[in-house]
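S.K.: Take this sequence and fold it.
(3 chains)
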Amino acid sequence: MAPPTATVAPAGYSLSELAQLTGAQVEGDGALRVTHVADLESAQEGAIAFMTDPAYRAQLATTRAAAVIVSPDVAGETPLPKLVHANPYATYARVAALLHPPIAPEAGVHPTATIGAGARIAPTAAVAAQATIGAGTMIGERVRIGAGCAIGAGASIGDDTLLHANVTVYDRCVVGPRCVIHSGVVIGADGFGMVEEGGRWLKVPQLGRAVIGADVEIGANTTVDRGTIGDTVIEDDVKLDNLIQVGHNCRIGRHTAIAGCVGIAGSTRIGSNCRIGGAAMISGHIDICDGTLIRGATTIFASIDKPGDYTGVFPTLDHKTWRRLAIEWPQMATFGRRLRALERKAEKSAAQAPAAADRGEEET
Amino acid sequence: MAPPTATVAPAGYSLSELAQLTGAQVEGDGALRVTHVADLESAQEGAIAFMTDPAYRAQLATTRAAAVIVSPDVAGETPLPKLVHANPYATYARVAALLHPPIAPEAGVHPTATIGAGARIAPTAAVAAQATIGAGTMIGERVRIGAGCAIGAGASIGDDTLLHANVTVYDRCVVGPRCVIHSGVVIGADGFGMVEEGGRWLKVPQLGRAVIGADVEIGANTTVDRGTIGDTVIEDDVKLDNLIQVGHNCRIGRHTAIAGCVGIAGSTRIGSNCRIGGAAMISGHIDICDGTLIRGATTIFASIDKPGDYTGVFPTLDHKTWRRLAIEWPQMATFGRRLRALERKAEKSAAQAPAAADRGEEET
Amino acid sequence: MAPPTATVAPAGYSLSELAQLTGAQVEGDGALRVTHVADLESAQEGAIAFMTDPAYRAQLATTRAAAVIVSPDVAGETPLPKLVHANPYATYARVAALLHPPIAPEAGVHPTATIGAGARIAPTAAVAAQATIGAGTMIGERVRIGAGCAIGAGASIGDDTLLHANVTVYDRCVVGPRCVIHSGVVIGADGFGMVEEGGRWLKVPQLGRAVIGADVEIGANTTVDRGTIGDTVIEDDVKLDNLIQVGHNCRIGRHTAIAGCVGIAGSTRIGSNCRIGGAAMISGHIDICDGTLIRGATTIFASIDKPGDYTGVFPTLDHKTWRRLAIEWPQMATFGRRLRALERKAEKSAAQAPAAADRGEEET
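M.R.: Numbers count the residues shown, from 1 in each chain, chains lettered A, B, ... in the order given. All right, here's what the predicted structure looks like:
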């Protein structure tokens, strides 16, 4: 693998500099300069690699990396110059950010961008080509608005937030500081609210906002609907992967991470510090308590009030076995009852059998 | 919760005016003016709140709302001025639309929009910044095309339809009147059609259209593919939530509502008046009859010809229980057979046991 | 169904011309001209229809098509002029492409498009309105970039590739030749990578690329994340439907086809020649071997090293049956053990019963 040249800092950093900037300890030649990160297996000259999983010990012995990032318990296993830290992956993340800084666009509004009346764009912000910023919207310091983004009226984008290309933010919605919003994300579309009347649907106006906290990352093509009356709220430090749906009036608590393809129906509250696996589906109007782990592809129909590790996935079978099972399925609801009936009979007959057995034995 | 000020009609309406406009009855001071809607719990001065669910009776007693919307059977439970209607949520929806009218953009084509040769844009329509309208496309009266929308050639958008920002409509597709299409929606992309030949895929041209009826709402980032030869059709008054996939040649019947993250494979027909829960998955080339209810996260593999309430979701377990169950799984297809075998034996032995039991008793 | 007039080649082709261009055999009047394709049922004058499934034999007898495309074993069943080929659907696909050629946009860069410094746009390429091409990006011969597309810096789009409107390609990503990328697709967004430290998430820079091979088609609103250090790779001739998520560092092998709404978590490798049904969900860090068939809505948690036909879907039940089953569920993990216990007892008692039965008979 070639190093990602476009973002390599040409001079790189010495290990001592990196140690100072990341809080790690140097072991070996602190003056050694590294120019890019790599994994152990594909690392070449000038690279600093990392090991976070003991499964990769063999690669540690054979890597061509110039230096490595490891935890203290592994430090003795390689003679390479190294950065040592109790959380080597966090140290790696910091080193990677230092060696591969993103190319920041120049501040200013591209001439093809369209800015609504009364919008306030901080002088340090960068608004890319073809973007539109609605009337009265506030764009904070050092914000980067990607090409083709459409920000509605009366919205607000916090300092240091990055919107990649083609993000849509509806009127009056709020994105906090230091967020990263990926392409195709839609923040603040109407929730799915309607009322039936005479065999027709009547739209329920969606008057609330979508309010995104600080340090939130939202993956490509994820959607966060606005609230019906109140707001849909994503709290600080929440991380959402791609293609997630967050329904109206949901609240997702601080530091919760949700993997791709998850659907969360309206008015559900997810606590803080939760982890939700990919493709999980969560019903509306329920509460998931803080610290809950929901495994991938699990469907949650009812509130969870006890932190735990929840799963509900049909195991994979070869198709023929599955077909036999599927045929049995409608009867399966009777199995418990029938088992209990058989068990009761077996107990009764066990109570009687000894007599017969004794007698039998007497007879032989 | 602050009222959504950006859309408040400053003067508001009196209860009598609202009653006349919505068909509700006033009880109490008809001259009372309200300026915004709220829910019972967070309502403050000037708000009109609503109660549709008896579970909120306690809030009805303590609300600070100036007025409420209730059904006749609840009207006696509060001394507040009120609007009374058999469908209080529909009345609420109408009142909310009156008190919080959307800010309509000015008619006309924004100078940064690109209009193809021969496109016909009604004079009352509004085409926002950076939008593109293809050659020969027709845009109806009072249509609003959001920023960055890309409408292909030979397409048609019906009167009073609203396309939010960054919607894509492919060539020759049709969107009916009074629709609301949310950001990121893609109408008319090629269906997933290819034929295998010599270990390679050959693309099957997707020549049909996607045709969206009247009064349809389509949620953010939903995709509706065009037909292979004929059309993919979404009938009138259908409501689609976010991140739904509608395959080529599907037809979705009138007044059907489909929640988020649902996938519908190609050539499937869904009847009218169906309700499909979030994350349900529906196979291709099947028919779902009118009036069918499919619960969230259910997978439908075969046609349904009897309206009913269908579910197929693996219940959620704590992870340890699930692991024990998963180990048993491949054997589970044998349980029914084995139970029946045991039951037959138990019947036989029951037929014989009385004799033995009688004899036993005789002997003691 | 009216023929899709916008793409009809006015003069059409004679059967002999079509036979020559597609490698099929003519039977009947080779001079007969057809102008458009249709299905058997709705075909009218001038249409050529096709039959690939014996289930449509009745329609073959009554069709009003001018000519048909059939396989040799069916050729004798209709007196109509025909094209005969062992793979009639492939012949149909070729005929449809000939009769309905897409309208190619004129080469050149639309005046409203924004081209970054040092970008190289082939003179035969067409860049539509409002598109943005980043600095140093290469756009190949005959490439078509749709309206509103945002291509980052240092990216590359191969010859003859078509990007429909509103596609996003991040910096440094690569799309091969002859690809079709549908609207709303996001290529190269950051993978979902972060490390926990002191109760906060620290972002792991996503430094790799997304690299798309030749002849790949990607459906609307699908997302392919860039790699963490190495690349995410989609090999040649892969076909991805709509709303699919491909996580960082995945590799999808040659000629694999994946239906809509599938989620693939990070670092998973899917072999070549696989078929994955809609809404399947595949965990991260696993390997799926070449030639694997995974049925729709199946969840894959572990590597598959034997090609086969895998399914794991909860069958659909009427809701009442499902509720009874759901109540039994937590106990179901005990059913296997309890069945075995009963079977052992039944065996034991069977071993003893004959004696009792014999004796009983003796006594009567």
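
S.K.: just for the stretch 51-200 of chain A, where's the confidence low?
M.R.: Judged against pLDDT under 70, the stretch 51-200 of chain A has no low-scoring part.

S.K.: what comes up buried for stretch A:141-154?
M.R.: Neighbour-count burial for stretch A:141-154 flags A:142-154 (criterion: 16 or more other C-beta atoms under 10 Å in any protein chain shown). Just so you know, the C-beta spots here come from the backbone N, C-alpha and C atoms, and that holds for glycine as well.

S.K.: Restricted to helices, list these.
M.R.: Of the buried residues of stretch A:141-154, none are assigned to helices by DSSP state H.

S.K.: can you put these in TSV and add distance to residue B:107?
M.R.: Shown next, in TSV, are the buried residues of stretch A:141-154 (distance: C-beta to C-beta, whole Å):
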residue	distance to residue B:107
A:142	37
A:143	32
A:144	33
A:145	27
A:146	29
A:147	28
A:148	24
A:149	25
A:150	19
A:151	22
A:152	19
A:153	17
A:154	21
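
S.K.: Which one of those residues is nearest to chain B?
M.R.: Within the buried residues of stretch A:141-154, the smallest distance to chain B is 3.5 Å, found for residue A:150 (C-beta to the nearest C-beta).

S.K.: The stretch 51-200 of chain A: helices as residue ranges?
M.R.: All helices of the stretch 51-200 of chain A, identified by DSSP state H, counting those that start in this stretch, fall at A:57-62, A:72-75, A:88-99.

S.K.: Any chance of a markdown table for those helices, columns mean neighbour count and distance to chain C?
M.R.: A markdown table is the format used below for the helices of the stretch 51-200 of chain A (neighbours: other C-beta atoms under 10 Å in any protein chain shown; distance: least, C-beta to the nearest C-beta, whole Å):
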| stretch | mean neighbour count | distance to chain C |
| --- | --- | --- |
| helix A:57-62 | 13 | 13 |
| helix A:72-75 | 14 | 16 |
| helix A:88-99 | 24 | 4 |
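
S.K.: Out of those helices, flag the one nearest chain B.
M.R.: helix A:88-99 (24.4 Å).

S.K.: Report all helices and strands that the closest one contacts.
M.R.: Helix A:88-99 makes packing contacts with strand A:13-14, helix A:15-22, strand A:36-37, strand A:47-50, strand A:67-70, strand C:194-197, strand C:200-203 when contacts are defined by 3 or more C-beta pairs under 8 Å, 6 or more residues apart in numbering or on different chains; DSSP states H and E.

S.K.: what sits against residue A:274?
M.R.: A:253, A:256, A:257, A:258, A:288, A:290, A:291, A:292, A:293, A:294 (C-beta atoms under 8 Å, 6 or more residues apart in numbering or on different chains).

S.K.: if you set the cut-off to 10 Å instead, what comes out?
M.R.: A:238, A:252-258, A:288-294, A:304, A:307 (C-beta atoms under 10 Å, 6 or more residues apart in numbering or on different chains).

S.K.: where's it relative to residue A:300, distance?
M.R.: Note on residue A:274: its distance to residue A:300, by C-beta to C-beta, to the nearest Å, is 11 Å.

S.K.: which neighbours do those two share?
M.R.: Common neighbours of residue A:274 and residue A:300 (criterion: C-beta under 10 Å, 6+ apart): A:288, A:292, A:294.

S.K.: now the first one, which residues is it bridged with?
M.R.: In other words, residue A:288. residue A:270, residue A:304 (DSSP bridges).

S.K.: The last one too?
M.R.: Residues in a beta bridge with residue A:294, per DSSP bridges, are residue A:276, residue A:310.

S.K.: Check it and give its pLDDT.
M.R.: What the model reports as pLDDT for residue A:294 is 97.

S.K.: measure it to residue A:304 for me?
M.R.: Residue A:294 is 8 Å from residue A:304, where distance means C-beta to C-beta.

S.K.: before we move on, what about the second one?
M.R.: Here the distance between residue A:292 and residue A:304 works out to 5 Å (C-beta to C-beta).

S.K.: For these two, indicate the residue with more neighbours.
M.R.: Per other C-beta atoms under 10 Å in any protein chain shown, whichever of residue A:292 and residue A:304 has more neighbours is residue A:292, with 23 against 20.

S.K.: Just to check, that one is in contact with residue A:286?
M.R.: No: at 11.4 Å, residue A:292 does not count as touching residue A:286 under the criterion of C-beta atoms under 10 Å.

S.K.: list the residues that contact both of those two?
M.R.: Shared contacts of residue A:292 and residue A:286, defined by C-beta under 10 Å, 6+ apart, comprise A:270, A:300, A:304.

S.K.: element containing residue A:343?
M.R.: Assigned by DSSP states H and E, residue A:343 belongs to helix A:335-363.

S.K.: Check the burial of residue A:287 by counting its neighbours.
M.R.: Counted with other C-beta under 10 Å, residue A:287 comes out at 15.

S.K.: An error on my part: the question was meant for residue A:326.
M.R.: The burial count assigned to residue A:326 is 18, neighbours taken as other C-beta under 10 Å.

S.K.: same deal with residue A:177?
M.R.: Quick note: residue A:177 (other C-beta under 10 Å) scores 18 neighbours.

S.K.: which residue packs closest to it, ignoring adjacent ones?
M.R.: Excluding the flanking residues, the one nearest residue A:177 by C-beta to C-beta, 6 or more residues apart in numbering or on different chains is residue A:158, at 3.4 Å.

S.K.: got the end-to-end distance for stretch A:93-109?
M.R.: Terminal residues of stretch A:93-109 are spaced 31 Å apart (C-alpha to C-alpha, to the nearest Å).

S.K.: Then stretch A:186-198?
M.R.: 32 Å.
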